[in-house]
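[1] give the three-dimensional model of this entry:
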Amino acid sequence: MDLSMLLTEILVASLGLIVLITGLVLPARNNYIASGIAFWGTLLILLYSIFSFSQQGAIFNGVYNVDLFGNFFKLLFLTAAVLVMLMSWKYSNRFHKKSEFYALIIFATLGMMLMSAAGELITLYVGLELMTISFYILVAYLLTDKLSGEAGLKYLILGSLSSAILLFGISFVYALSGTITFESLPASLTNQPALIAGLVLIIAGFAFKISVVPFHMWTPDIYQGAPTPITAYLSVASKAAGFAALARFFMTAVDPVDMVFDWTLLLAVLAAITILAGNLIALTQKDVKRLLAYSSIAQAGYILVGLVAANTYGLKGVLFYSMVYVFANVGAFAVAAAVENDTGKTGIEAFSGLSKRAPLLAAVMTICMLSLAGIPPMAGFAGKFYLFAGAIQSGYLWLAIIGLVMSMVSVYYYLGVAKAMYIGENETADGLSTGGALKVALWICVVLTIVMGVYPGPLSELAGFAIQAIM
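    Numbering: from 1, shown residues only. As a prediction, this is how the structure comes out:
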């Protein structure tokens, strides 16, 4: 066994411990040293992951997979972590201990990596718990903010419940099949009602993590109460980890050709309800973080469409859209973080006249929201094209139509924010100051959102190579 294939995970775990220890050893006023170690360390690991992307192999007898599919999502998680650290640079002045904040982000990233590469259910569960427990603390990290404390408690209770449901489903599958490894499960699956119930419970556990209706009720409150950088990380990386694990499980452990039950139809119904509910409820929101929360629920429905298709176009769309969603959503939340830092509010009225106070922030927010709506030439359009094309190819025309119609509906509430920024009046004439780190994150998000929309070929090809590992 070549442990060098685990070098990325080892480096991430070591970096998290180093940041944590640095924060404990140095005085609180030197927290910026731990922050710098966390950012530059994560960036270097990201560069290493890019150069070692082609590394492949199964270790621990198939328990853990190092393949292009997992490597793709590792790049996504590390990219999201780097962007979130950049947008947190000024925002984190509100925290008592910066070092623990950045260490927990790194440990959450490690949990996501384990989820995306796990080849059996216990490893998958361990990765999920490492990620989720880190987020329990991060969501409640604003010690003097009642909303943050309330959000952390809600997330702890509901997250624990969903984890218990997932573990209960895993126990059903193991009891009736005698195995938990993905490779050996297909030969052991039968039409026993208890086994089908176990698979349904596993779907329910995953559905909570990716905010699928009716398991979405936690999302708006947690997104509104959590520190804005953590809300951004939850909405992109945590969701992508859930989809990576779900895709690997259902494409390798539950054979879609010889299905125990029609799980694609079940996921199709969930996707349709999620798209409808997310977009329609978002129409009534007056707080930008809650609006983006319901938008995030709708985006989960769109990505689920690709998993329902379970073909080349659909799965490519899952990976492609998950990646471009990182830049669009982090960009939008980065602007929200800057406005919240300046005004202390995240209501739409706080964004009034933003184009006059901070033209860059207004432009980035508009471009990112147009990408989320799927308007060309933004990257979101290409992503939705792959997802809906895959659904049509698999015979789910009705699902593609729902997705297309609701994408047009979403333009209304996205442009409502743009209207406030460009037409709304603000009594404050002062400019809105943004730190240099936040500006770097904004430029990265907006440039890549446009470039990947105008020229989606390289990312599309990369996603195409990655899905071969699970098809």
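[2] now do the phi/psi pair for the residue nearest in space to the middle of the chain.
    By C-alpha atoms, centre = their mean, the chain has its centre lying nearest to V236, at 2.3 Å. Torsion angles at V236 (phi, psi; degrees, to the nearest 10) stand at phi -110, psi -60.
[3] apart from its neighbours in sequence, what residue is nearest S54?
    L68 (7.4 Å; C-beta to C-beta, 6 or more residues apart in numbering). Yep, even glycine has a C-beta here, placed from its N, CA and C like the rest.
[4] same check on I180?
    L121 (4.2 Å).
[5] residues touching that neighbour, list them.
    170, 173-174, 180, 249 (C-beta atoms under 8 Å, 6 or more residues apart in numbering).
[6] pull out the buried residues from those residues.
    170, 173-174, 180, 249 (16 or more other C-beta atoms under 10 Å).
[7] tell me the least confident of those?
    For the buried ones among the contacts of L121, the model is least confident at I180; its pLDDT is 80.
[8] look up how far G111 lies from it.
    Computed as C-beta to C-beta, to the nearest Å, the I180 to G111 distance reads 18 Å.
[9] and if you look at L7?
    On the measure of C-beta to C-beta, L7 and G111 end up 18 Å apart.
[10] and what of K209?
    Going from K209 to G111 by C-beta to C-beta gives 11 Å.
[11] ok, then the element right after the helix or strand in which G331 is found?
    Following DSSP states H and E, one finds G331 within helix 312-343. Per DSSP H and E, the first helix or strand lying C-terminal to helix 312-343 is helix 354-357.
[12] tell me the predicted confidence for S160.
    Note on S160: pLDDT of 88.
[13] so which bits of the helix holding G331 are buried?
    312-342.
[14] buried ones in the lowest-mean-pLDDT helix or strand in the chain, by neighbour count?
    Counting by mean pLDDT, DSSP states H and E, the chain has its least confident helix or strand at helix 185-188, which shows a mean of 72. The neighbour-count check on helix 185-188 (16+ other C-beta under 10 Å) flags L185 as buried.
[15] return the alpha-carbon coordinates of it using PDB.
    Only the C-alpha atoms of helix 185-188 are listed here, as PDB (Å, rounded to 0.1, in the frame of the first residue of the first chain):
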ATOM      1  CA  LEU A 185     -23.000  -4.300  -2.200                       C
ATOM      2  CA  PRO A 186     -24.600  -4.700  -5.700                       C
ATOM      3  CA  ALA A 187     -24.300  -8.500  -5.500                       C
ATOM      4  CA  SER A 188     -25.900  -8.600  -2.100                       C
END
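[16] show me what that helix is packed up against.
    Counting contacts by 3 or more C-beta pairs under 8 Å, 6 or more residues apart in numbering; DSSP states H and E, helix 185-188 packs against helix 146-177.
[17] now the helix it packs on: buried residues?
    Those would be 148-152, 154-156, 158-159, 162-163, 165-167, 169-170, 172-174, 176-177, for helix 146-177 by 16+ other C-beta under 10 Å.
[18] let me know the pLDDT of S410.
    Reported pLDDT for S410: 88.
[19] give me the angle between whatever helix or strand it lives in and helix 312-343.
    Secondary structure from DSSP H and E places S410 in helix 397-423. When axes from the mean of the first three to the mean of the last three C-alpha atoms, to 10 degrees is applied, the directions of helix 397-423 and helix 312-343 differ by 20 degrees.
[20] packing partners of the helix or strand following helix 397-423?
    Counting by DSSP H and E, the element after helix 397-423 in chain order, helix or strand, is helix 436-454. The contact analysis (3+ C-beta pairs under 8 Å, 6+ apart) places helix 436-454 against helix 68-91, helix 312-343, helix 359-373, helix 379-393.
[21] next one: the third one to chain centre, how far?
    Averaging C-alpha positions (C-alpha atoms, centre = their mean, to the nearest Å) puts helix 359-373 19 Å from its chain's average.
[22] would you list the phi and psi of Y64?
    Here is the backbone geometry of Y64 (degrees, to the nearest 10): phi -130, psi 130.
[23] and it, what's its pLDDT?
    The predicted local confidence for Y64 is 82.
[24] likewise D258?
    If you check D258, the pLDDT there is 50.
[25] cool, D2 as well?
    For D2, the predicted pLDDT is 69.
[26] same deal with I297?
    pLDDT, read off for I297, is 90.
[27] try A363
    88.
[28] for M365, see how far away the nearest residue to it once chain neighbours are set aside is.
    In space, not counting the residues next to it along the chain, A363 is nearest to V446; the distance is 7.3 Å by C-beta to C-beta, 6+ apart. Between V446 and M365 the distance is 9 Å, computed by C-beta to C-beta.
[29] quick one, which of the two is more surrounded?
    More crowded of V446 and M365, by other C-beta atoms under 10 Å: M365, with 29 against 23.
[30] which positions within stretch 464-471 qualify as buried?
    464-467, 469-470.
[31] how far does that stretch stretch from start to finish?
    11 Å (C-alpha to C-alpha, to the nearest Å).
[32] I392 contacts A400, doesn't it?
    Yes. With contact defined as C-beta atoms under 8 Å, I392 counts as touching A400 (5.0 Å).
[33] neighbour count: those two, which is higher?
    Using other C-beta under 10 Å as the criterion, I392 and A400 rank with A400 on top: 20 against 17.
[34] run through the stretch 51-200 of the chain and note the low-pLDDT ranges.
    92-93, 96, 188-190 (pLDDT under 70).
[35] what's in contact with stretch 169-184?
    Contacts of stretch 169-184 (C-beta under 8 Å, 6+ apart): 62-63, 119-122, 125, 185, 188-190, 192, 194-195, 197-205, 248-249, 252-253.
[36] of the residues you listed, buried ones?
    63, 119-121, 125, 185, 189, 195, 198-205, 248-249, 252-253.
[37] which ones among the residues you listed map onto helices?
    121, 125, 185, 195, 198-205, 248 (DSSP state H).
[38] tell me which two in the residues you listed are the farthest apart.
    L195 and R248 (19.3 Å; C-beta to C-beta).
[39] what is in contact with V446 and M365 at once?
    By C-beta under 8 Å, 6+ apart, the residues touching both V446 and M365 are G331.
[40] check contacts around L166.
    125, 128, 201-202, 204-206.
[41] let's have these in a markdown table, adding distance to D287.
    Formatted as a markdown table, the contacts of L166 follow (distance: C-beta to C-beta, whole Å):
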| residue | distance to D287 |
| --- | --- |
| Y125 | 34 |
| L128 | 29 |
| L201 | 33 |
| I202 | 33 |
| A204 | 28 |
| G205 | 29 |
| F206 | 28 |
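[42] if we can go back for a sec, where's the residue nearest to S54 relative to I467, distance?
    8 Å.
[43] could you do T252 as well?
    For T252, the distance to I467 - C-beta to C-beta - is 12 Å.
[44] in the stretch 201-350 of the chain, where is pLDDT below threshold?
    For the stretch 201-350 of the chain, the ranges with pLDDT under 70 are 255-261.
[45] same question, the stretch 351-471 of the chain
    426-433.
[46] report all helices and strands that the host helix or strand of R290 contacts.
    Here R290, judged by DSSP H and E, is contained in helix 288-309. Secondary-structure packing of helix 288-309 (3+ C-beta pairs under 8 Å, 6+ apart): helix 219-225, helix 228-233, helix 239-248, helix 263-282, helix 312-343, helix 379-393, helix 397-423.
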